[in-house]
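Chemist: Provided below for reference: sequence and predicted model.
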Amino acid sequence: MGRATGSTARYLGFLFPMAFLLYVNHAWLPVGATTQELLRGFTATPDPTASSFQPLLHNPNGTFSLGFLRNGSSQLALAIVHVPSSEPVWLANPTRWARWSKPTELFFNGSLVLSDPHTGVLWSTRTDGDRLLILDNGNLQIQKLDGSGSVLWQSFDSPSDTLLENQNFTVQMYLVSSNGLYSMRLGDDFIGLYAEFKAGLDQVYWRHRAMEERGHIVDGNGSIYARISPNGFLGMYQTETAPIDVQAFKTFQRPISGIRRVRLESDGNLRGYYWYDSKWVSDFEAIDEECELPNACGSYGLCLPGGGCRCLDNRREYSSGGCFPQESGDFCNVRGENDAINYWVLRRAGVELPFKELMGFEQMGSLEECESSCKSNCSCWGTVFHNVSGFCYAVDYPISTLVSFGDGSKIGYFKVRKIKEEKKRGVGVAGGVALLVGAVLIFVGVAGFGTYRMWRRKKTGHGIFMEEQGLSHDSYRELLRSSSFGAVELCKR
């Protein structure tokens, strides 16, 4: 009995340090350390010495890593990074950045939670899991350790701006560009790209409808989903039997050794890449003409096919970002002095909307009728009228890029806010007047002072001597009174 008790004590003495080490390995990570699995009790805070990315968890082959990604000097995002390229492929909360400081904390208590004491919980998976790990395909999962291996949450179900190979993209999901201006969503039978030119209004600017060549959409058989195939295409599916559409990449049916991905870029284009020889190689572009991008030349810009950007207003020189300040909202309840409408009108012939086939239109009898419909509508920013067809396209959002068209049969009518322009002009005029008045006053003062000095010199002959020596009349009298001056001997020569 004594020997058994001693053996038990030795066994427990060995077990407890091992359990403690196992807990430390998962619950706290020293600077620069990573692991392939995180268990309940894990916590981490930003390391001030990390320059761009602080890894916390990696997948078995080391291709992907979860950690803190720096944004500037003071912000961070929880991100999954493709390690060989240092490119983020997933962000936990792209619209809300945390602070890169010690109060910010990531912890796993069944839910993966990013928080700080000032703002509270910034992001959470809202789960009750047991472990966190990254699969070799880049999918971050929270699993239950109850023998079933059930997945409670995964990053593949909430993408940010990127889809990875074999990641299903469903009608409940959307991609959002890093600047938040563009999104990708699925319809009943198409993939669409949308621009949020105005709050609450999404304008579709690219649409790819399923060709249904290999399979057909069956009503009642579930929604469609999209997926990047290792064989080099973006496919749309309703079931796993056959794709209903295949959008081929350049490497279609060509084997490659690296992984594939597509990303919704900050210019609004959807591009595909594959990893090869230490770099991402471009393999697909949804929009291959620059002028067909939703805002290639900025606000009130004019895109010339193959010829760069200009301004709709010929008097302005184009600069990167647009020709007039980027506005928002509409013209409702926006009035100037004396209740005057606070905009001016810019007209331009030979212009076209870059995605007019995806916009609504009305057929009207004349250009005047088309323009009048916009003038009387405070939510309208402009129109493009086709003289030949009579189609009138209304633009219900701030004017972005237009496309140059060969002849004058397509005429644009655009409203431009003049609030900022008038203020700048008023400030400029006021400043010019103030400078002119100041210059006149200075001139009069200098001239008057010079005249006074000449008059004084003529009145007192010795004044010239004193002023040339830098002495005033008062200082000269003080000099006469001084004892040192009385000791000066005067003599004739």
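Modeler: Noted; the coordinates are in hand.

Chemist: Check the spacing between the residue positioned nearest the centre of the chain and Met173 real quick.
Modeler: In the chain, the residue lying closest to the centroid (Cα atoms, centre = their mean) is Asn179, at 2.3 Å. As judged by Cβ to Cβ, to the nearest Å, Asn179 and Met173 stand 19 Å apart. The way it works is simple: take the backbone N, C-alpha and C, and place the C-beta from them, glycine included.

Chemist: where does the chain have low pLDDT?
Modeler: Counting by pLDDT under 70, the chain has low-confidence residues at 1-34, 334-341, 419-493.

Chemist: Got the domain ranges for it?
Modeler: 26-157, 159-288, 298-417, 440-486 (automatic domain parsing).

Chemist: picking up where we left off before, what's near enough to touch the residue nearest to the centre of the chain?
Modeler: Contacts of Asn179 were listed using Cβ atoms under 8 Å, 6 or more residues apart in numbering, and they are Ser266.

Chemist: got it, and Phe385?
Modeler: 364, 367, 370-371, 391-393, 410-413.

Chemist: now, which of those lie within strands?
Modeler: Secondary structure from DSSP state E places 391-393, 410-413 of these in strands.

Chemist: and which of those residues is nearest Arg315?
Modeler: Gly412 (15.9 Å; Cβ to Cβ).

Chemist: since we're on the closest one, how many residues are nearby?
Modeler: Gly412 has 24 neighbouring residues, counting by other Cβ atoms under 10 Å.

Chemist: any idea how far it is from Asn93?
Modeler: Counting by Cβ to Cβ - Gly412 and Asn93 are separated by 40 Å.

Chemist: Could you give the bridge partners of the residue lying closest to Ser155 once chain neighbours are set aside?
Modeler: The shortest distance from Ser155 to any non-neighbouring residue, by Cβ to Cβ, 6 or more residues apart in numbering, is to Leu140 (4.0 Å). Beta-bridge partners recorded for Leu140 (DSSP bridges): Ile134.

Chemist: Make residue 1 into 714 and carry on from there
Modeler: Sure, I'll start numbering at 714, so the last one becomes Leu853.

Chemist: wait, doesn't Leu853 sit right on Ile847?
Modeler: Yes - counting by Cβ atoms under 8 Å, Leu853 touches Ile847, with 5.2 Å between them.

Chemist: so what's in contact with the two at the same time?
Modeler: 779, 793.

Chemist: How about Cys1022: what's its closest non-neighbour residue?
Modeler: Cys1010 (3.6 Å).

Chemist: Verify the stated contact: the one you found with Cys1016.
Modeler: Yes - between Cys1010 and Cys1016 there is a contact under Cβ under 8 Å: 4.8 Å.

Chemist: got any residues that touch both of those two?
Modeler: 1022, 1114.

Chemist: now the helices: where do they sit in the chain?
Modeler: For the chain, the helices defined by DSSP state H cover 715-740, 1080-1088, 1132-1172, 1176-1181, 1186-1194, 1196-1199.

Chemist: related to what we said a few turns ago, now for the contacts of Phe1098: which two are most distant?
Modeler: Met1077 and Gly1125 (14.7 Å).

Chemist: Got the phi and psi for the nearest residue to Lys992 once chain neighbours are set aside?
Modeler: Of all residues not flanking Lys992 in the chain, Ser798 sits nearest, at 7.4 Å (Cβ to Cβ, 6+ apart). The phi/psi pair for Ser798 (degrees, to the nearest 10) reads phi -110, psi -10.

Chemist: any idea how far Phe766 is from Ser798?
Modeler: Ser798 is 12 Å from Phe766, by Cβ to Cβ.

Chemist: ok, the two, which is more surrounded?
Modeler: Phe766 (17 against 14).

Chemist: Go ahead and confirm that one touches Val794.
Modeler: Yes - Phe766 is in contact with Val794 according to Cβ under 8 Å; the separation is 5.8 Å.

Chemist: can you list residues touching both of those two?
Modeler: 778, 780, 782.

Chemist: Which ones among these map onto strands?
Modeler: Using DSSP E, these in strands are 778, 780, 782.

Chemist: Would you convert those residues into a markdown table that also reports distance to Asp996 and neighbour count?
Modeler: Converted to a markdown table, these look like this (distance: Cβ to Cβ, whole Å; neighbours: other Cβ atoms under 10 Å):
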| residue | distance to Asp996 | neighbour count |
| --- | --- | --- |
| Ser778 | 24 | 21 |
| Gly780 | 27 | 22 |
| Leu782 | 25 | 23 |
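
Chemist: Next, the buried residues of stretch 755-769.
Modeler: 755, 757-760, 763, 766-769 (16 or more other Cβ atoms under 10 Å).

Chemist: from those residues, which single one is nearest Leu1115?
Modeler: Phe766 (40.6 Å).

Chemist: which residues sit against stretch 910-924?
Modeler: 896, 900, 902-909, 930, 937, 949, 957-960, 981, 983, 999-1000, 1005, 1007, 1041-1043, 1067-1068, 1071-1072, 1109-1111, 1113.

Chemist: Equivalent analysis for stretch 808-828, please.
Modeler: Stretch 808-828 has contacts (Cβ under 8 Å, 6+ apart) with 751-759, 761, 769, 781, 783-784, 786-791, 805-806, 829-831, 834-843, 845, 855, 866, 889, 893.

Chemist: Are any of those residues buried, and if so which?
Modeler: Looks like the contacts of stretch 808-828 have 751-753, 755, 757-759, 769, 781, 783, 789-791, 805, 829, 835-836, 838, 840, 842, 845, 855, 866, 889 buried, using 16+ other Cβ under 10 Å.

Chemist: Return the residues in contact with the residue lying closest to Asn1046 once chain neighbours are set aside.
Modeler: Once flanking residues are discounted, Asn1046 sits nearest to Cys1091: 7.7 Å by Cβ to Cβ, 6+ apart. Residues in contact with Cys1091, defined by Cβ under 8 Å, 6+ apart, are 1043-1047.
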